[in-house]
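J.: have a look; sequence and predicted model below, questions after that.
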Amino acid sequence: MNQHLAETVSFLERLVSYPTVSSDSNRLMIADLAARLEDAGARVELFETPDGKKANLFATLGPDVPGGIVLSGHTDVVPVADQDWSSDPFKMRRADQRLFGRGTCDMKGFIAAATVLAPEFAKQPLRRPIHFAFTYDEEVGCLGARALVPALQERGIRPSMAIIGEPTDMRVIEGHKGCCEYTVNFTGLEGHGSSPHRGVNAAEYAVRYVTELMQLRGELMMRAPQNSRFEPPWTTINVGRINGGVAHNVIAGKAEVEWEMRPVQDGDADLVNSAMQNVIDRDLLPMMRAISADADIVTHVVGEVVGLEVMEENAARDLVASLLGANGADVVPFGTEAGLFQQMGMSVTVCGPGSIDQAHKPDEFVSLEQLSICLDMLERLGRSPALLDVDD
Ligand SMILES: [Zn+2]
């Protein structure tokens, strides 16, 4: 094992040991990353949430000029509750050529590799900066990146490219769907199960809502763009959780539906959201309120992540493809923070070690081979004319 790979493995073990589930603080992990980047000579800035529980990290190596590249990763991981792990998910375990642990592929492996190489980057005569953007709350709607992007704009920080190191098996990705997540709360009127007509059954209205939602699927399939490269090619809807009521013989007073939509194009999300709002305003609420004036349906937007639009010209995609010797780029069906950086005017590609097949699952892993391909790519990036030459 070469030195950078060995260092990455041991730093990844450290990062995995921080249980940075999205609901919990990421501050200890951020502090560790900040210290390491500062040691490498980077200028590090933290952007805290108002309650101070979480923070984004933004760090820069090289000159304080526009352009350059952002290496971006999220520090949070999905929960391990109710998952059947073979060993402690926050204690990295190596078996054969694989490293097991929560976050190993999604996406602490990339963060470890990028951070371990910071001293190498610092040795290069960089004419353009290399930035590090490590965010919180990606898994619950890209909340960290949503806060970071305007903060960077305010400071006049204008990188021209970004690599989002989500697990793509180190394939170069140039596009992905958006991801919109909603929680809908139904408030009805409780009562005895023997007199359903005297109450407003929140669970039943949740079912009506879900039925309407499912009916939009056909329309979304019809709207799939002809040249769509996504699999499936249309905007999808998934109902992830339904909860409501207390017992067989009680009219359910409350219910909750969690669902998501992954738009392939501009307009689909608006279509679905306005259709569902219509169903609520025209059909469901009037029926509920005919029995109880306090009945209500409230839709909470958990996150609305924009897609990464495929662009004919994409310098980040071309650069990473050339560093990897890849020909061509793909699209993926999962969402990342990439679209937010793209909206800021950067060219963006998604490319990172490990497979999305292992992300969010028990016994998540990243292979040593994937980490080593990632390290090679990043090392070449540090010596790339795109960062060393004066000319754009
Ligand atoms: Zn991820």
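T.: Perfect, I can see it now. Numbering: from 1, shown residues only.

J.: C-alpha from now on. contacts and neighbour counts both.
T.: Will do.

J.: mind listing the helices for the protein?
T.: 3-17, 27-39, 109-116, 118-123, 143-154, 202-222, 268-278, 285-289, 315-324, 338-343, 368-382, 385-388 (DSSP state H).

J.: please save the CA atoms from the first one in PDB.
T.: Which is helix 3-17. Provided in PDB are the C-alpha atoms of helix 3-17 (Å, rounded to 0.1, in the frame of the first residue of the first chain):
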ATOM      1  CA  GLN A   3       1.800   6.100   1.600                       C
ATOM      2  CA  HIS A   4      -1.100   8.200   0.500                       C
ATOM      3  CA  LEU A   5      -3.400   5.200   0.500                       C
ATOM      4  CA  ALA A   6      -2.300   4.100   3.900                       C
ATOM      5  CA  GLU A   7      -2.800   7.700   5.300                       C
ATOM      6  CA  THR A   8      -6.300   7.800   3.600                       C
ATOM      7  CA  VAL A   9      -7.300   4.500   5.200                       C
ATOM      8  CA  SER A  10      -6.300   5.600   8.600                       C
ATOM      9  CA  PHE A  11      -7.900   9.100   8.300                       C
ATOM     10  CA  LEU A  12     -11.100   7.500   6.900                       C
ATOM     11  CA  GLU A  13     -11.200   5.300  10.000                       C
ATOM     12  CA  ARG A  14     -11.100   8.400  12.100                       C
ATOM     13  CA  LEU A  15     -13.800  10.100  10.100                       C
ATOM     14  CA  VAL A  16     -16.100   7.000  10.300                       C
ATOM     15  CA  SER A  17     -15.700   7.100  14.100                       C
END
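
J.: tell me the buried residues in it?
T.: In terms of neighbour count (16 or more other Cα atoms under 10 Å), helix 3-17 has its buried residues at H4, L5, E7, T8, V9, F11, L12, E13, R14, L15, V16, S17.

J.: now do the longest one
T.: For helix 202-222, the buried set under the neighbour-count rule, 16+ other Cα under 10 Å, comprises A202, A203, E204, Y205, A206, R208, Y209, V210, L213, L216, R217, L220.

J.: show me where pLDDT drops low in the protein?
T.: The model of the chain has pLDDT under 70 over residues 390-392.

J.: circling back to that earlier point, possible to save the helices of the chain as TSV with distance to T349?
T.: Output for the helices of the chain, formatted as TSV (distance: least, Cα to Cα, whole Å):
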stretch	distance to T349
helix 3-17	22
helix 27-39	23
helix 109-116	14
helix 118-123	20
helix 143-154	16
helix 202-222	27
helix 268-278	23
helix 285-289	44
helix 315-324	5
helix 338-343	7
helix 368-382	13
helix 385-388	15
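
J.: nearest to K177, of the ones you listed?
T.: helix 338-343 (9.2 Å; Cα to Cα).

J.: okay, the buried residues of helix 3-17 in JSON lines with distance to E120 next?
T.: Shown next, in JSON lines, are the buried residues of helix 3-17 (distance: Cα to Cα, whole Å):
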{"residue": "H4", "distance to E120": "10"}
{"residue": "L5", "distance to E120": "13"}
{"residue": "E7", "distance to E120": "13"}
{"residue": "T8", "distance to E120": "13"}
{"residue": "V9", "distance to E120": "17"}
{"residue": "F11", "distance to E120": "16"}
{"residue": "L12", "distance to E120": "18"}
{"residue": "E13", "distance to E120": "21"}
{"residue": "R14", "distance to E120": "20"}
{"residue": "L15", "distance to E120": "20"}
{"residue": "V16", "distance to E120": "23"}
{"residue": "S17", "distance to E120": "25"}
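
J.: hang on, the earlier thing: in the buried residues of helix 202-222, find the pair that's most separated.
T.: Greatest spatial distance in the buried residues of helix 202-222: A202 and L220, 27.3 Å, computed using Cα to Cα.

J.: pick the one among the buried residues of helix 202-222 closest to N249.
T.: A203 (13.0 Å).

J.: pretty sure that closest one sits against G245.
T.: Yes - with contact defined as Cα atoms under 8 Å, A203 and G245 form a contacting pair (6.5 Å).

J.: shared neighbours, those two?
T.: The contact sets of A203 and G245 overlap at A252, G253, K254, A255 (Cα atoms under 8 Å, 6 or more residues apart in numbering).

J.: what's the burial count for the first one?
T.: Think A252. 27 (other Cα atoms under 10 Å).

J.: chain neighbours aside, what residue packs nearest to it?
T.: G245 (4.0 Å; Cα to Cα, 6 or more residues apart in numbering).

J.: I'd say that neighbour and E256 touch.
T.: No - the criterion here is Cα under 8 Å, and G245 misses it with E256 at 9.5 Å.

J.: more neighbours: the two, which one.
T.: More crowded of G245 and E256, by other Cα under 10 Å: E256, with 21 against 18.
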